[in-house]
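>>> sharing a model prediction with you, sequence too.
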Amino acid sequence: MENIDKKLREEAKRLLEEKRVDALVGYETGTLPLTATPCFITNPEDAEKLVWNAFCTQNLAKYVHDLISQHRESQKRVKPEDRKKKVFGVVARGCTTRSIVLHLQERQYARDEIVIVGVPCTGYVDRKQLSIIVSGEDIQEGTLEGDQLVVKTTAGEKRIPLQDALSGNCLTCKFNNPIICDVMIGEKAPAIAGAAQEYAEVEDFENLPTEERWAYFTKEMAKCIRCYACRQACPSCYCKTCFVEQSQPQWVGLGEDTTDTQVFQLMRLFHMVGRCVDCGSCISVCPMGVDLRKFLKKLDKDVLDLFESRAGSSMEDLPPLSRFKEHDKEDFVFNP
Amino acid sequence: MARRKFATLKRFLDYIGLEGDRTIFTWISASEGERFANVIKGVTAKVRALGPASKLVKKL
Amino acid sequence: MIKDSEKIGAVMVVGSGIAGIQASLDLANSGLKVYLVEKDISIGGVMAQLDKTFPTNDCSACILSPKLVEVGRHPNVEILTRRTVDSVEGEAGKFKVKMTKAPRFIDLDKCTGCGDCAKVCPINVPSEFNEGLSERQATYRKFPQAIPSGFAIDKIGTSPCKSACPTHISVQGYVALIATGKYKEALKLIKKDNPFPIVCGRVCNHPCETACMRGKVEEPIDIMHLKRFVADLDLKDETRYIPDKKESKGKKIAVVGAGPAGLTCAYYLAAEGYDVEVFESLPVAGGWLAVGIPEYRLPKDVLKAEIKVIEDLGVKIHLNKAIGKDIPFEKLQKEYDAVFIGCGTVNSSKLNIPGEEMQGVIHGVDYLKRVNLGEKVFLGDKVAVVGGGNVAMDAVRTAIRTGSKDVFVLYRRSRAEMPAAPEEIEEALEEGIKMEFLAAPKRVVGENGKVTGVECTRMELGEPDASGRRRPVEIKGSEFIVPCDSLIPAIGQEADLDFVPKESGIAINKWKNFDVDPVTFASNVPGVFAGGDVVTGPQTVVKAVYAGKEAAVSIDRYLKGEDVKAGREKDWTKDLADKADVSKVEKVARAKYPHLKPETRRTNFQEVGVGFSEEEAVAEAKRCLACGICSECYQCVDACIANAINHDDTFEEETIEVGAVIAAPGFEVFDAGIRGEYGFGIYKNVVTSIQFERILSASGPYFGHVQRISDGKEPKKLAFIQCVGSRDTSCGNSWCSSVCCMYATKQAIIGKEHAKGLEPTVFFMDIRAHGKDFDRFVNRAKDEYGIRYIRSMPSTVKELQQSNNLLLKYVQEDGSLVEEEFDMVVLSVGLCPPAEAGKLAGALGIDLQEHGFCKTALENPVETSRGGVFVCGAFGGPKDIPETVMEASSAAACASGILATRRGTMTKEEDLPLESDLRGLGPRTGVFVCHCGINIGGVVNVPEVVEYCKTLPNVVFATDNLFTCSQDTAVKMGEVIKEHNLTRVVVASCSPRTHEGLFQENCEKAGLNRYLFEMANIRDQNSWVHMHEPVEATEKAKDLVRMAIAKAQFLKPLKPGQLSVNHATMIIGGGLAGITAALSLADQGYESYIVEKEPVLGGNYRNLYFTLEGLDTRKHLSGLLERVKASKLIHAYTAATIKKIEGFIGNYKTTIATKDGDEQFEHGVVIVAAGGYELDTKEYLHGQSPQVITQRELEKLIAEKDDRAAKAKSITMIQCVGSRIPERPYCSRYCCSEAIKNALKIKEMDPAKEITILYRDIRTFGLKEDYYKKARELNVQFIRYDEDRKPEIVQEGDKVSIRIFDPIMNAPVEFKTDLLALSVGTVPNPGNAEIGQMLKVPTNQDGFFLEAHVKLRPVDFATDGVFMCGMSHAPKLSEDSIVQANAAVSRACTILTKDYIEAEGKTAYVNKERCAACGLCEENCPFSAISVNIVEACAEVNTVLCKGCGVCTASCRMNAVDLNGYTNEEELEQIFNI
Amino acid sequence: MAENLANKEWVPKIVAIVCNWCTYAGADLAGISRIQYPPNVRIIRVPCTGRINPFYVAKALQTGADGVLVSG
């Protein structure tokens, strides 16, 4: 790890010094123990802040998108001849690069507006899971030692296998190395063992009776407080005005009606067809712990099954809803 | 593209527990008057078997 | 030459299949007026009958219908149906066309197409549209989506029965109604023309039966007794028919005589609203019917019932009132407004022989009258009746019933001449009455003034007299005495006119009858009319009825002060429907009319005829042959609320002036019956391909279920036999029909899709898949669908009796004979010249070629032998749909080339009022709910819906209309819009697909933007489909209207965008296609820029010397190039490449690089004619052996008389080199023709040369087949090889040795050849991809350009303003390129002729604030109409390109794109209102 | 749907969102051919199947449709 951080910092510093990037988005150590938070660096010296470890949760593509959009927006007020291009660097693990691929395919920015600093990934720690493991105790201190988390809480010190605390999506991740990158930091990470079972949970759910599935959906959606944190964290959610906030027509009621919440979630989820990279950002930020992954993963599975496509898996694998094949499955068609 | 959208939608609605037979997709060409009537009969029969909708329905 | 200024800016298009439609649209869209002339009742041609189209399996109806609607609604296309062209005079630029318009019998201006008429029509005839597999009515529409949508009546003339009936009842009509169980309607129909059906159903002389065409088959229909069957409904109060009486006119009419003439006259006048009084001297009404005809034929109570109906209609009958005696005639004249005299002939004619005054002589009339009035008259045992008429029969049969024992007839001629009805004579004989023929009374013999006998003389028959009967001549000295107790002379009657005083001045003729006008029955004295026997002398009942009826019409007209006679003379023998061939009609015996037995009836007055049972009547009625097709039962007239039906419609002649003519009459399908060995028409399960097409069609007779005709079962093994009536000299059809291989493949595939277990087999000679993507289609049929192809023609088809299966006998390629059983056989029938080809060619003044197709020019396949007359489609030779469409456009280009200067001179543009200012008004909705006659109103409670609408938000006005589409409602709608300040209009009626445009126009005319209109479909999708659920249908109607009103509040007034058009064209490629296009554009008056990358123009065409048909292509090309050079409008850049193309339809700017540097020009459209290349092959030692050359090189050697060709003794050709292989799975189309062309040329030079052609399938499609035949006749050898057994080539000295497996010998053969010519195929221009990118247009998987639609838009790209022609599209022959180039020009002209392009109103728009420029819309748009503006980071819609499909809208996650007319807000509002 | 049907046997309420060129035309043809079918369908016409936003299906269900038919 030390080694990776070092290489990362060197690379970041060089990029900034050589003006290959105007700013770099990465992670720094968080204020709480066993956390990391996104950071923005414009000064080569600040590269020292950068870290890359199992606590780097958020998908930074979201930030890259925001930065570029903001910059572009600001340039609209500048005379065309004076407009400036800015290049952003980003520390990107596999799922982040998938989002970047998606952004590129969806023309959110050009390839030359970003420099991707690829990092290998073995998964990140799920704070909610960790909290459960430590029975909800406050974590006062914590370190990662090899594949063990050493956690100090009011109840004492506890050693936890890292594997047990990893986020669900990481445990079955098939894309734990960057899809595309300009610089790769370190060696590629080994394949994740659980990747073969990535749809096991979805398959189990599919086999439940209809009423149980509906009950689960209703239960999960009932937790939702419509804080929209999921949307804010999601790199694929970049609509300027989310449909929830649109009027004429108003698509979804804003009140506390349960069906409105269900429809909101349903439609937001459906916007992820062929676009969810399973980075887990939405889940990690959800204050209510809604099991969004259960549903997102289903969309992922169907897109793979129906269209042989996976969001952001390569530049050539275009978003499935922008094209069709003559021999797409038609088994959903009703024939009386 | 529409076909792809509805293929996914149908599976997804079914997945979250809305009875699949409530949302039906099909193709009927301009020369298929008989088929249209049969589709309506078929859809009505399927939905009738499910009973009145209650899921996702907004109560006023 | 006609001066430009005198040319007519209109074109006549003859024939309205897809060719005629396409030509019309192109012409009308480029500023010319079009008359689309069709002999049938609607347009659409054969394509409307097809189920799917190859090779994409698109639904034919789906792709054709929009075209039908477009041409039907086009303001500059006048559709003239039921027209035939008689002559075309004049010359190109100005023709005078004479046409005949056949009657349709339904007024298209009034017909709403609701179909109520067809529902009531009792006549069923085989449906032509379903190829006889189902039936249609005589009132019909060919298919539901037909244009014009109005119905027509199929009537070929007056049926003989109707013509023969003196009262001209629609006999066929009531017979048909009886056959369908509509007895009341039948009675009503009869009484329209004859108020005495009870009488005429019993005692008529029924000339109708004499005329009946069934008589030619076996025996006529028993019409009279069928009439009695329904007439007896009048016997009962609850079933009788009394016509509706019109409002009283307050006028009085007197009728003298209550016989059939008088009472008929009274009946019709009373129904008209007159007060009629009848004066009768006898104590009973009915005249002769009451006192003449005996009870056993016409029972008194039955007659009374009939007269009761007349009385109940308001006719007053005064009995025992003799005019002249009880009431003076003058009094009638004075007190009544008109008088009708119908008093009959009451006096018996005298024999005028000695002794006639003796006791015992009683005249027939008096005798019958006394008996009928109830007197008991006994005439003694032995009674002689003199005469052979019906009165004589009545007298003699009455006599036997009043107790006389020996009763006989004396008649001076023979039985054959007897005027009495044959059945009367027959019945009399049955009753034991004797007849003494050829005996004439001379003297009454008696004793004491009492008769004891009559002396007669013998007669013999001489020459025929005026009546056509042979005149009796007395045989001198043959007198003999017949003893009798009574003698009844019954030889005639006379009128008694004494009651009319001489002073009245009424003219009397020499026969002592009133002298009246034969048509009007008016006497010379105004107000006095007479008819019946009193005018004609003794005649039949029906004639009297006719006189009374006609007199009633006259009196009505007289009293209204109208011309009494005008328009009433009618020749009923004209337009007689008696020409049908009845030789094949199946015989069905006439029903035996049930009688009382002679022994039970002869002693009493019981009615002899018992009457048909219902079952017997219906069966007898079903024997009717429906001679006239339409029976004139007038059910349709009653059913049609729109009053559109006119049974008196007639043929009319018309003349129009046009500047050019396009003949597109299509083709005729081969009559499979000619190939008798296949059993079509004999074996039920042998059908033609066009029938099978209907079987497959979802709208066909079996709703798309594949089934056998014999038992309706799904077949398993299905055989297609190809080339039935094609490539077949035995029936004179030597040509290839060009489309059968493909349609059979399509039918096999679709059949298999419909019936999963189907196992189709195609028997063929060569598979001709010579079109774009055709081979791929056939490969799919083989590989994916497992369809079996057998290269053999079955020799016979035999039916197996038990199963109705079919046994096919065929010889396999190796010579072995196979018998195989199939469940069903489809004969792939060929395309023949249209039946009317000869007549049409004569009328148009054009030549036909040897087979009867239109003769066309070698340089241009749409040119005929007459200037200004063009041809397109299968009339010029068999071809498929895209070729037809291309030719149609091409013909349009050639026609408009002549008339370019007259564009816009005959077209119309409407002036619309300024739109009203709607600001501040908000949604004020007016709702119009349509009854559509009873189509909606009969099911939906329309007033309830209207009331409901009034309660809905934003509705300020709601009303109902009988027909919202009628002209008067349109006016009313306009007034309401203004009066109520409506800002939204909602119409609840039929389908917006057919009527939205019409109602939108109404809005526009009232100053309301046409997009502020919305429709609810409460007919097609409600009342018609829920006919038995009126309550639910009404609720549904309310819901549908509510949804429409809800949507309407969000509608916005839209202004379609406009774009100016640059009138120049860029043509990419200067080959044959490119220069043809440039020249054609120049003819149209438009500038063009040809960009050719080679240093010279001409392309591949430069390599040709001659065509198969014999055109000198060198000369042709140099002529073209000279014209290009001479034209000021053509700018040709050679050795030039395109650097950049900017812009879109109407406004392109292109930069090209030339040897002199960059050039830039602006243009409005692009024609891609980038051509193709000959494949560079290394196969078969090409490039290594000097003996191996290409076909193209061989042509050069031949043309330039090179030694290499001249000295070669043997020449071999290999076909399909580089074509039809996995890397290039397409056919290059021309190679077979080219090989045969060269072979024939060589044989022409030296017949001794040995020529061998190694081929896979010989594809000399269409009329080229004749050359293939010729080559075989000239001993050119053809050896077939399979793809996996290609010929093997080895160099041997200065020869090439060839080894090939000969499938006929079933062994390999080896031979040497001096020259080997390879038919190498075409590859697409490698530059296509780059051109495609610049123009944003796609190429297909082979690298050729992809057209907008393979069938109907073969030269268009999906992107507007870009067209293609020549080999950029697909490999093709030079003539194909010429056609397509002209077609591209025609399509381009639809844009170039406009100054502005008008966009669709309902187009997409972008909400910039929401757009994140993700580009999904751009990727999804099929028309390249939306794209992301990178600078603005936002999508933009090009409204001119946008077709309003809304794909972008639905794909936009941000909801940044929305679609005018179908906005999210509008659509959601509908969902909220379900 | 209006109230006076409420006391009858329950009839499902079905929304059909259909393409103008195909299914809508097919529905018209059913009418022209007088082929009877249950009166419980409310058709919403769109210019093309591609116009149909999947959201409409959800909204139709939320509005209380018992079934939604999407047909191109």
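Received, thanks.
>>> chain center to the helix or strand of chain D with the lowest mean pLDDT, what's the gap?
The helix or strand of chain D with the lowest confidence, counting by mean pLDDT, DSSP states H and E, is helix D:23-32 at a mean of 88. Relative to its parent chain, helix D:23-32 has a centroid offset of 13 Å by C-alpha atoms, centre = their mean, to the nearest Å.
>>> likewise stretch A:119-139?
16 Å.
>>> any buried residues in that stretch, and which?
The neighbour-count check on stretch A:119-139 (16 or more other C-beta atoms under 10 Å in any protein chain shown) flags A:119-127, A:130, A:133-134, A:139 as buried. The C-beta positions use only the backbone N, C-alpha and C, and glycine is treated the same way.
>>> try stretch C:603-621
C:Phe605, C:Glu607, C:Val608, C:Gly609, C:Gly611, C:Phe612, C:Glu616, C:Ala617, C:Val618, C:Glu620, C:Ala621.
>>> mind checking the end-to-end distance for that stretch?
33 Å (C-alpha to C-alpha, to the nearest Å).
>>> quick one: residues contacting C:Gly937.
C:Gly937 makes contact with C:His931, C:Leu962, according to C-beta atoms under 8 Å, 6 or more residues apart in numbering or on different chains.
>>> show me where chain B has helices.
B:2-15, B:33-50 (DSSP state H).
>>> in terms of secondary structure, what does the longest one contact?
Using 3 or more C-beta pairs under 8 Å, 6 or more residues apart in numbering or on different chains; DSSP states H and E, the elements in contact with helix B:33-50 are strand B:23-26, strand D:14-19, helix D:23-32, strand D:41-46, strand D:67-71.
>>> of all those, which lies closest to chain C?
With C-beta to the nearest C-beta, the closest approach to chain C among the helices and strands packed on helix B:33-50 belongs to helix D:23-32: 3.2 Å.
>>> now the helices of chain B in CSV, with mean pLDDT?
Shown next, in CSV, are those (pLDDT from 0 to 100):
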stretch, mean pLDDT
helix B:2-15, 90
helix B:33-50, 92
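>>> among the ones you listed, which is nearest C:Ala566?
helix B:33-50 (48.5 Å; C-beta to C-beta).
>>> buried residues, that closest one. List them.
Per 16+ other C-beta under 10 Å, helix B:33-50 contains these buried residues: B:33-40, B:42-44, B:46-48.
>>> re the thing from before, narrow the buried residues of stretch A:119-139 to those in helices?
A:Arg127, A:Leu130, A:Ile133.
>>> per-residue confidence at the first one?
We note a pLDDT of 89 for A:Arg127 in this prediction.
>>> how about it, nearest residue that isn't a chain neighbour?
A:Ser284 (6.9 Å; C-beta to C-beta, 6 or more residues apart in numbering or on different chains).
>>> surely that neighbour meets A:Asp126?
Yes: in terms of C-beta atoms under 8 Å, A:Ser284 counts as a neighbour of A:Asp126; the distance is 7.0 Å.
>>> identify, from the ones in helices among the buried residues of stretch A:119-139, the entry nearest to C:Lys188.
A:Arg127 (90.9 Å).
>>> residue contacts, that closest one?
A:Arg127 neighbours (C-beta under 8 Å, 6+ apart): A:Thr35, A:Thr57, A:Ser284.
>>> thinking the second one is in contact with A:Leu34, fair?
This means A:Thr57. No: using C-beta under 8 Å as the test, A:Thr57 is too far from A:Leu34 to be in contact (10.7 Å).
>>> give me the common contacts of those two.
Contacts common to A:Thr57 and A:Leu34, judged by C-beta under 8 Å, 6+ apart, are A:Val125.
>>> how's chain A carved up into domains?
A:1-124+A:169-197, A:127-165, A:199-334 (automatic domain parsing).
>>> could you dump those domains to CSV with distance to C:Lys1237?
Shown next, in CSV, are these (distance: least, C-beta to C-beta, whole Å):
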stretch, distance to C:Lys1237
domain A:1-124+A:169-197, 52
domain A:127-165, 79
domain A:199-334, 38
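>>> middle-most residue in the chain, spatially?
No chain in the question, so chain A it is. A:Cys279 (3.1 Å; C-alpha atoms, centre = their mean).
>>> please refer instead to chain D.
Most central in chain D (C-alpha atoms, centre = their mean) works out to D:Ala16, at 2.4 Å.
>>> rewinding a little: and A:Thr57 and A:Leu34? Which one has more around it.
Each of A:Thr57 and A:Leu34 has its neighbours counted (other C-beta atoms under 10 Å in any protein chain shown); A:Thr57 has more, 24 against 21.
>>> tell me where the model's unsure across chain D.
Within chain D, the ranges that satisfy pLDDT under 70 run D:1-8.
>>> pull out the buried residues from the helix or strand hosting C:Glu820.
Element membership of C:Glu820, judged by DSSP states H and E, is strand C:817-822. For strand C:817-822, the neighbour count (16+ other C-beta under 10 Å) marks C:Phe822 as buried.
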